[in-house]
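Asker: With the input below, show me the fold.
(one chain, ligands or ions: 1)
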Amino acid sequence: MAFRSICNKILIRSLFKNQNLRNKSSVPVRIVEVGPRDGLQNESVKVHPDVKIEFINQLSQTGLRTIEVTSFVSPKWIPQMGDNAEVFSGIKKETGVTYPVLVPNIQGCKLALKVGAEEVAIFIAASEGFSRKNTNCTIQESLNRTKEVIDLAKENNIKVRGYVSCVIGCPYDGKVPPSSVAKLTETLLTMGCYEISLGDTIGVGTKITVHNMLQDVLKTTTSDKLAIHCHDTYGQALVNILVALEQGITVVDAAVAGLGGCPYARGATGNVATEDLVYMLEGMGVNTGVDLKKLIKAGRYISDYIKKVPASKVNNALHSKLN
Ligand SMILES: CC(C)(COP(=O)([O-])OP(=O)([O-])OC[C@H]1O[C@@H](n2cnc3c(N)ncnc32)[C@H](O)[C@@H]1OP(=O)([O-])[O-])[C@@H](O)C(=O)NCCC(=O)NCCSC(=O)C[C@@](C)(O)CC(=O)[O-]
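Answerer: Here you go, the predicted model:
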């Protein structure tokens, strides 16, 4: 076993055993809540901007430190996010919470800057098929757009997070080689992204495929520059997140109530539910800083509005006990 892998295992075990981590000042896992954006972008019920604002305000009170609130993409492609400026401007921004927004191009970045966004996230697929369907361009064209976004972001002193989608499989091209994911990740970091979130967009990953993909990525990138973003289509998300934690990754994306799916990844379900992730991590002795009760309430609030039962086992198990 490689030396780094052994070190990572020892590190993560000691992180999880160390009860001092219950001290809020040393939270080892940062959760990036993507429910308001990734969660709602594919929702067929049109969610009123006031409801989104109330939902995000509730999330801001849970202890989550990063909430991706909307996307500045073409409203023709994703109508649900057409109220982006109204939502971003309407939410109460809490001190200590970051509110990134997703942008596909410089046009989106300019709109985000106009409303005062302090962090943007760009997204690129590791497969040509998904790149074309999701953003109507090749991977190379997407990289060119990303460069423009990063240049503008630098001029305006704002941070850029990067997503690499389809890191295991693509709904159009099938299996995605780990080497393509590694190359794209390295390129985006070199271009100026501060962190890359590796997205299993259609949730096909397993313990082995996620491990193998991460091994390739970690040949050229350190784990502190990575986040993991797992959709739970096949019920493997928590397992795959554990694999990432074992590799030293300590930033995990999740969506409350397991909301979500991508309109250009038919059949893919939502992200791992934030409630389930918090329950797992806290059960391992890792302080997430998140108040599970408040999180469950926020998940219920939005699920009731869209008339869906939360896709979170923890929410369903605990909700009735909270009332
Ligand atoms: C990239 C484009 C814009 C190309 O779309 P296009 O049609 O090729 O773009 P265009 O440059 O030809 O512009 C067409 C029209 O869109 C407008 N437009 C152009 N850009 C913007 C913008 N930023 N904001 C607002 N309007 C915009 C532009 O002004 C024009 O308006 P018109 O002249 O026809 O009235 C389009 O394909 C798009 O918006 N795609 C986004 C799709 C999307 O949001 N997918 C979901 C997010 S990715 C995801 O969920 C995966 C992730 C991140 O969660 C990770 C994971 O799960 O793995």
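Asker: Without its sequence neighbours, what residue ends up closest to whichever residue of the stretch 101-250 of the chain sits closest to the ligand?
Answerer: When you check the stretch 101-250 of the chain against the ligand by CB to the nearest ligand atom, the closest residue turns out to be G199, at 2.2 Å. Yep, even glycine has a C-beta here, placed from its N, CA and C like the rest. Nearest non-adjacent residue to G199, counting by CB to CB, 6 or more residues apart in numbering: H229, 4.1 Å away.
Asker: so the one you found makes contact with R161?
Answerer: No. Contact criterion CB atoms under 8 Å: H229 and R161 do not qualify, at 10.7 Å.
Asker: helices and strands around the helix or strand harbouring V160, which ones?
Answerer: For V160, the host element (DSSP states H and E) is strand 159-165. With contacts defined as 3 or more CB pairs under 8 Å, 6 or more residues apart in numbering; DSSP states H and E, strand 159-165 has these neighbours: strand 119-125, helix 139-155, helix 178-191, strand 195-200.
Asker: Flag every buried residue along the second one.
Answerer: Pointing back at helix 139-155 there. For helix 139-155, the buried set under the neighbour-count rule, 16 or more other CB atoms under 10 Å, comprises I139, S142, L143, R145, T146, V149, I150, L152, A153.
Asker: Put together CSV for those, with distance to E195 on each row.
Answerer: Below are the buried residues of helix 139-155 laid out as CSV (distance: CB to CB, whole Å):
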residue, distance to E195
I139, 20
S142, 18
L143, 17
R145, 19
T146, 14
V149, 15
I150, 13
L152, 19
A153, 14
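Asker: out of these, who's near the ligand?
Answerer: By CB under 6 Å from any ligand atom, no member of the buried residues of helix 139-155 lies near the ligand.
Asker: Can you tell me how far K92 is from K313?
Answerer: Counting by CB to CB, to the nearest Å, the gap from K92 to K313 is 30 Å.
Asker: Could you check which of these two is surrounded by more residues?
Answerer: K313 (14 against 10; other CB atoms under 10 Å).
Asker: Pretty sure that one sits against L277.
Answerer: No. If you go by CB under 8 Å, K313 and L277 don't touch, sitting 11.3 Å apart.
Asker: what's the overlap in contacts for H229 and R161?
Answerer: S197 (CB atoms under 8 Å, 6 or more residues apart in numbering).
Asker: Neighbour count for the two, which is higher?
Answerer: H229 (27 against 23).
Asker: what about that one, is that helix, strand or coil?
Answerer: Secondary structure state of H229, per DSSP: H, G, I helix; E, B strand; the rest coil, is strand.
Asker: mind listing what it touches?
Answerer: Here H229 is in contact with V34, Y163, S197, L198, G199, D200, D253, N271 (CB under 8 Å, 6+ apart).
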